[in-house]
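Chemist: dropping the sequence and predicted coords here.
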Amino acid sequence: MSKFTTGLNDEQRRAVLTTEGPLLVLAGAGTGKTRVITHRIAHLLAGGVPARAVLAMTFTNKAAGEMKERIAKLVPHGAGADLTVGTFHAFCVKALRQFGDRVGLRRNFGICDADDQLMAMKQALRELQLTEADMPPRLCLSRVSLLKSRLLGAEGHLESGDQGEVDLGRAYQRYDAALRASGVLDFDDLLVYMVKLLQDRATLAPFRERFRYLCVDEYQDTNGPQYEIVRQIGGEHRNVCVVGDDDQSIYGWRGADVSKILNFERDFPGAAVVRLETNYRSTYEILQGANAVIRHNTSRHEKTLRSAAGNGEAIIVRRLRDENGEAEFVVADMLQRLRDQRVPLGDLAVLFRTAVQPRVFEMQLRRAGIPYNLVGGMSFFDRKEVRDVLSYLKLIANPSDELALLRVINTPPRGVGGTSVEKMLAVAAQHRLPLADVIARGSEFAALPAGAVVGARAFLESLAGLRHLQTGKDLVTLVKQVVQVVGYQEEIKRCYPEQVTRLKRWEAVTEIMNMAEAHGRMGEAATLASFLEDVALNAQDDNDKEEPAEGRLTLMTLHSAKGLEFGEVYLVGMEEGLLPHARSVADGNVEEERRLAYVGITRARRRLTVTYTESRARYGKRATVLPSRFLYEMLGKQTPPDLLHQSAAVAGKLAAVEEEGAVVAAAPPAPARATKPAAAAKKAPAAKKR
DNA sequence: GACTGGGCGCTTTTT
DNA sequence: GCGCCCAGTC
């Protein structure tokens, strides 16, 4: 026995005590997953395992932070200091900084974000003379990312008979070449290069020797390279504990591979399996609804959530006329809960499928004067000013960062327009020189417009002049000087005549200064490079901390709700076409949508309200909509076959439009509709007239 | 080279 | 219905 098992149920205890050999913990929503992981690690340490032998990997910084914090509370002061707890990406960056030269990386490689990726891809497509119509950059990027997340290179596509596929392969190659030339890696590369690194036995051996106990959180979200990293490091001693819930796998579209958790017992023969099914979060009624929905998925580990909390209120289902009515109802209901039931604001959340849905809710909430927090949306780091200033900094840290250079080469305008940049790039390609060198030696090349060269060169030289200010104590000075040297404040004034927007924009710039100041306090270890790395890897988190959690209600997508819980949840837009999303229906991904619905339902502790509408404005047009099949499932009803047909027809049309020209056999024509969508709602208890 | 309007096309977004 | 891209003007 161990003191770390007191207060745990039998299954949790078994998971904590099973320290040797492979272990799969299937942790349903709200079953105390984090508790098990943290107690298990504390138990390992108490049993004499040195902290430095433990490697725990998560997908988010938030999860990593929480894990560290909770372990620290369990073990004697300082005993957890040598644990390696972090995201896969952070772990890989650290390893690659140390050994990256073995796989052809520079020590000071940068990490590029989504925006840089898009720029690189656009550049690649331009070079290949592919128009955006032939090959939309975003789509191309997501396909390349998907390939990387399966550890696939471009080769397979280059030999394809299909021109589109060949183009994709070539774009993949050009894109990668652009990143390499800039000395940066994208997020997928961090994992892919780590796998490459571990392929070398001599490099792998010390990792295996050191990390004798592995733990992976949210294993259902593991992609190809991540799995490979776990398999390589843990493959010999096999002390690999993975924790996750296949029913909450909602990131398939970006490469997460549920089959990894479904096949764990095959991949690690002899694995112990623990199912955590006692839910400490929600009422019996809510879990009934959740179980009833998820039961309809076919490929899953069988699990049924049991409520430890006992009975509560029935799930409330409401049908509304349209999205405005939906928002009105929800906000009015919330107001009533706040006033009459004294429900704290922080206990309330509205969850939705798509980013356009919250708009009407925001309007209503503002009108009602209720403070809310919209999670997601544009992040601080997506703002133009932030991206611009960070690009200057990236250029100072790494003069060959061509992506950063291209972004700000004419910001503020310095006479280096698109045509000039094109010419410079052409010269660079022709002479196989970095863009920065072409600019520096501009006068040697007759083909270049003199004015543009002078402007670009002056810009690069002024940045180079600041390169000496890179240490921790000078980070803030550096940012201030950069902003001053390029004249960014004036640029903001020029672009935004309105005082209010101007101030907001400038605020973002000063916020970077604050971040630099905070980072500088790390002391000697703080450098410009470490600052940029921190920003790249922790961007999302810094966004989160802005939220004054209490005293605001939450609006967020189902995706961002995973892992959270709220006293009272409004799951809105429970309609065919929205949840499940029409696109997913068309692609045959209804099971992942069902998991999304399941995630939504299981966020609620004591009260769940599900709403759907009769009509909804979509792409500016109003259309009649049907209640979601998941609603029927949740209520234990047969989904009308009609509804599925109609939904498939709508989805089919969408797909046909998208694959223009392709002969897509649309679903059979919708039968004469006669379903009464209200039927489901009528049965639902507690539906009250407003 | 820098600024304005018409046209198109749309999920989700841990790092 | 909104934003983003490109094409057209000054």
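Modeler: Looks like it arrived, so ask away. Residues are numbered from 1 along each chain as shown, chains lettered A, B, ... in the order given.

Chemist: only C-alpha atoms for contact and neighbour calcs from this point on.
Modeler: Noted.

Chemist: what lies in contact with stretch A:488-501?
Modeler: A:412, A:483, A:502, A:505-506 (CA atoms under 8 Å, 6 or more residues apart in numbering).

Chemist: so which of those belong to helices?
Modeler: Counting by DSSP state H, those place A:483, A:502, A:505-506 in helices.

Chemist: which two in these are spaced the farthest apart?
Modeler: Taking CA to CA, the two most distant members of those are A:483 and A:502; they sit 15.2 Å apart.

Chemist: mind checking which of the two has more residues around it?
Modeler: More crowded of residue A:483 and residue A:502, by other CA atoms under 10 Å: residue A:483, with 20 against 16.

Chemist: give me the buried positions along stretch A:397-411.
Modeler: Going by neighbour count (16 or more other CA atoms under 10 Å), the buried part of stretch A:397-411 is A:397-411.

Chemist: also stretch A:462-479?
Modeler: Quick answer for stretch A:462-479 (16+ other CA under 10 Å): A:463, A:466-467, A:469-479.

Chemist: got it, and stretch A:379-397?
Modeler: Neighbour-count burial for stretch A:379-397 flags A:380-381, A:385-397 (criterion: 16+ other CA under 10 Å).

Chemist: what's the closest of these to DNA strand B?
Modeler: residue A:381 (10.1 Å; CA to the nearest atom of the strand).

Chemist: can I take it that residue A:570 is in a strand?
Modeler: Yes. Residue A:570 sits within a strand when classified using DSSP: H, G, I helix; E, B strand; the rest coil.

Chemist: as CSV, could you dump the C-alpha coordinates of stretch A:47-54?
Modeler: What follows is stretch A:47-54, C-alpha atoms only, in CSV (Å, rounded to 0.1, in the frame of the first residue of the first chain):
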residue,chain,number,x,y,z
GLY,A,47,9.2,4.0,-4.2
GLY,A,48,12.7,5.2,-4.9
VAL,A,49,12.5,5.9,-8.6
PRO,A,50,14.7,9.0,-9.2
ALA,A,51,12.7,11.9,-10.5
ARG,A,52,15.0,12.3,-13.5
ALA,A,53,14.0,8.9,-14.7
VAL,A,54,10.4,10.0,-15.2
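
Chemist: can you tell me what sits against that stretch?
Modeler: A:41, A:45, A:79-84, A:210-215.

Chemist: against residue A:250, how distant is the nearest residue to residue A:254 once chain neighbours are set aside?
Modeler: Closest residue to residue A:254 apart from its sequence neighbours, by CA to CA, 6 or more residues apart in numbering: residue A:146 at 6.2 Å. According to CA to CA, to the nearest Å, residue A:146 and residue A:250 sit 15 Å apart.

Chemist: neighbour count for these two, which is higher?
Modeler: Higher neighbour count among residue A:146 and residue A:250: residue A:250, with 24 against 20, using other CA under 10 Å.

Chemist: okay, now residue A:650: neighbour count?
Modeler: Neighbours of residue A:650 under the rule other CA under 10 Å: 22.

Chemist: so it versus DNA strand C, what's the distance?
Modeler: According to CA to the nearest atom of the strand, to the nearest Å, residue A:650 stands 17 Å off from DNA strand C.

Chemist: surely that residue meets residue A:581?
Modeler: No. Applying CA atoms under 8 Å, one finds residue A:650 not in contact with residue A:581, separated by 10.7 Å.

Chemist: residue of the stretch 151-300 of chain A nearest DNA strand C, please.
Modeler: Going by CA to the nearest atom of the strand, DNA strand C is nearest to residue A:171 of the stretch 151-300 of chain A, at 15.6 Å.

Chemist: what residues of the host helix or strand of that residue count as buried?
Modeler: For residue A:171, the element it lies in under DSSP states H and E is helix A:163-182. Neighbour counts over helix A:163-182 (16+ other CA under 10 Å) mark A:165-176, A:178-182 as buried.

Chemist: kindly report the residues of the stretch 51-200 of chain A close to DNA strand B.
Modeler: Counting by CA under 7 Å from any atom of the strand, the stretch 51-200 of chain A comes close to DNA strand B at A:59-62, A:87-90, A:114, A:187-188.

Chemist: now, which of those lie within strands?
Modeler: Among these, the members falling in strands (DSSP state E) are residue A:87.

Chemist: relative to residue A:221, which of the residues of the stretch 51-200 of chain A next to DNA strand B is nearest.
Modeler: For these, the nearest to residue A:221 is residue A:59 (8.0 Å; CA to CA).

Chemist: tally of neighbours for the closest residue to that closest one other than its chain neighbours?
Modeler: The shortest distance from residue A:59 to any non-neighbouring residue, by CA to CA, 6+ apart, is to residue A:87 (5.1 Å). The tally of other residues near residue A:87 (other CA under 10 Å) stands at 22.

Chemist: residue A:226 too?
Modeler: Counted with other CA under 10 Å, residues neighbouring residue A:226 total 26.

Chemist: correct me, but it touches residue A:189?
Modeler: No. With contact defined as CA under 8 Å, residue A:226 does not reach residue A:189; the gap is 11.4 Å.

Chemist: which element is residue A:43 on?
Modeler: Applying DSSP H and E as the criterion places residue A:43 in helix A:33-46.

Chemist: in the stretch 401-550 of chain A, what residue is nearest DNA strand B?
Modeler: DNA strand B sits closest to residue A:417 of the stretch 401-550 of chain A, with a gap of 3.2 Å, by CA to the nearest atom of the strand.
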